[in-house]
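> okay, here's the prediction I keep looking at, along with the sequence it came from:
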2 protein chains.
Amino acid sequence: MAQRTGHRAAPEHTHPDDVPVLTALAALADPVRIVLVRELADSGDWTRSCGSFDVPVGKAALSHHFAVLRGAGLVEQRDEGPRRVNRLRRSEFEARFPGLLELVLREEPTV
Amino acid sequence: MAQRTGHRAAPEHTHPDDVPVLTALAALADPVRIVLVRELADSGDWTRSCGSFDVPVGKAALSHHFAVLRGAGLVEQRDEGPRRVNRLRRSEFEARFPGLLELVLREEPTV
DNA sequence: ACGAGTGTTCGATGGGAAGCGAACACTGAC
DNA sequence: GTCAGTGTTCGCTTCCCATCGAACACTCGT
């Protein structure tokens, strides 16, 4: 049931509070996803669509990475017209895993 | 070169300062290694030999896990007679990755 | 010198995750 | 309605990592 107004199925979200540490760590232990999180942190909420990130992977893989980030409570998504815009759940994630996000963000951008 | 007194080759260590974030995260993103770190945190330095941990893996895998932990700057090892005793590099790791270790330690022991 | 206890290394196996291309679904503009 | 743009899903391949068993190395008793 739920609304069948022709809208696209809303993405499933997981709140950081419901995320095990291992899931959070695994989500962040990937080069591509780290880039996504960093770029997201440098942008305003709801300003970046999924396709607007500078990562060397195709659409399919990208979609998968965002699913992982959602599942780890790191990213919130909202449908805005044809595209899906993102927001880093900074405060919520920080409340659940103090210091973790900061750690990933304030790190060597260039390896 | 180096002492050839018949001693076993000392294990290679990596200082936390030389460890990339990704390596640290990847090292902690494993159930077995998390248990090792937690048990190690609850024990005094140099009191636990490699074989004294309650993890459901064989010696070979265990040895590998400790190598990973060493490579991530999480564990220091010293040969003591026939066994290899361990120490969690708590303060050094905490200085390099503030909050990370605490995060892993103060978490649901039972999933 | 021998044997028990402890760890490491080697080779092989299995499973899971990341990647791609193609096909499909939805939105908005024309 | 049709088309271009955007993302998801599906099937498949590839690669990496965790694991095991067996063999080897070292230390310490006896």
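That came in fine, so what should we check first? Numbers count the residues shown, from 1 in each chain, chains lettered A, B, ... in the order given.

> what's the spacing between A:Pro16 and B:Arg87?
Counting by CB to CB, to the nearest Å, the gap from A:Pro16 to B:Arg87 is 32 Å. Just so you know, the C-beta spots here come from the backbone N, C-alpha and C atoms, and that holds for glycine as well.

> please name the nearest non-neighbouring residue to A:Leu69.
Residue nearest to A:Leu69 in three dimensions, not counting chain neighbours: A:Val75, with 4.1 Å by CB to CB, 6 or more residues apart in numbering or on different chains.

> need the contact list for that neighbour.
By CB atoms under 8 Å, 6 or more residues apart in numbering or on different chains, the contact list for A:Val75 reads A:36-37, A:40, A:66, A:69, A:86-89.

> turn these into a markdown table, columns for secondary structure.
Output for the contacts of A:Val75, formatted as a markdown table (DSSP: H, G, I helix; E, B strand; the rest coil):
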| residue | secondary structure |
| --- | --- |
| A:Leu36 | helix |
| A:Val37 | helix |
| A:Leu40 | helix |
| A:Phe66 | helix |
| A:Leu69 | helix |
| A:Asn86 | strand |
| A:Arg87 | strand |
| A:Leu88 | strand |
| A:Arg89 | coil |
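
> residues in chain A within reach of DNA strand C, list them.
Contact residues (CB under 7 Å from any atom of the strand) of chain A with DNA strand C: A:6-8, A:30, A:32, A:56-61, A:64-65, A:68, A:79, A:81-82.

> just the buried subset of these, written out for PyMOL, thanks.
Burial among the residues of chain A next to DNA strand C is assessed by 16 or more other CB atoms under 10 Å in any protein chain shown; the matching PyMOL selection reads:
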select buried, chain A and resi 30+32+65+68
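
> so which of the residues of chain A next to DNA strand C also contact DNA strand D?
Okay, of these touching DNA strand D (CB under 7 Å from any atom of the strand), that's A:59-60, A:64, A:82.
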